[in-house]
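Participant: have a look; sequence and predicted model below, questions after that.
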There are 2 protein chains.
Amino acid sequence: MTNTPTPPYYAVIFTSVLKRDDPEYLKINDFLRQEAEKLDGFLGEDSARNDYGISISYWKDLDVIQAWRQNADHQWAKEKGRKEFYKKYKIRIARVEREYQFEKIYSD
Amino acid sequence: MTNTPTPPYYAVIFTSVLKRDDPEYLKINDFLRQEAEKLDGFLGEDSARNDYGISISYWKDLDVIQAWRQNADHQWAKEKGRKEFYKKYKIRIARVEREYQFEKIYSD
């Protein structure tokens, strides 16, 4: 679970169905995550997978999302993903306007 | 994976860490989902869980999100969740501005 700064900032919501489990897919995802982290303005990522996957990356603004879209490694991985890994995916670009949180101070 | 209408619409991004797995938690979640579906303006939900959970619900506008926040069953479940189920959670309210999708037309 990612800690993000006070809104506003942006979230890229990526939901996907894979053709099959593939260790290469996970390896490429790890590599891409490391590449994204190099960008000033990448704020973190949350992801989980059941029969479909949800991955939410957080970004400072639309400019850095655009820079990431144009990143050559990202474009290569996207092309490979469409050819080999994904049955389908959706990308939603959303502006985070408010944030609330709860944390238990003591455990029981 | 939820099909949503053309943006703009809203996403409520809920990430959470549970104290422990609990079948009652899943039961309450199913019940709440059915209650949310009764609201005109609830557009669907995507969720997945690993060591933390991500649940994204989609809504027509902020008014229906507000109506859902004030729903008595939802408030009861939230209170119970804070007491019994959650170690921590974050709620982000985001305005979905753009959406793209990809779907393989043939399978291989």
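Facilitator: It's in.
Participant: break down chain A into its helices, ranges please.
Facilitator: Ranges of helices in chain A, per DSSP state H, are A:23-37, A:62-70, A:72-80.
Participant: so where is chain A shaky, pLDDT-wise?
Facilitator: Where chain A drops to pLDDT under 70, the residues are A:106-108.
Participant: so residue A:98 makes contact with residue A:7?
Facilitator: Yes: Residue A:98 is within contact range of residue A:7, at 5.9 Å (criterion: C-beta atoms under 8 Å). Every C-beta, even on glycine, is put in place using the N, C-alpha and C of the backbone.
Participant: who touches both of the two?
Facilitator: Common neighbours of residue A:98 and residue A:7, counting by C-beta atoms under 8 Å, 6 or more residues apart in numbering or on different chains, are residue B:92.
Participant: returning to what we had before: now tabulate the helices of chain A in TSV and tack on distance to chain B and mean neighbour count.
Facilitator: Shown next, in TSV, are those (distance: least, C-beta to the nearest C-beta, whole Å; neighbours: other C-beta atoms under 10 Å in any protein chain shown):
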stretch	distance to chain B	mean neighbour count
helix A:23-37	13	14
helix A:62-70	9	14
helix A:72-80	9	13
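Participant: isn't residue A:1 right next to residue B:52, touching?
Facilitator: Yes: here residue A:1 reaches residue B:52: they are 5.1 Å apart, a contact under C-beta under 8 Å.
Participant: anything in contact with each of the two?
Facilitator: Common neighbours of residue A:1 and residue B:52 (criterion: C-beta under 8 Å, 6+ apart): A:46, B:15, B:16, B:17.
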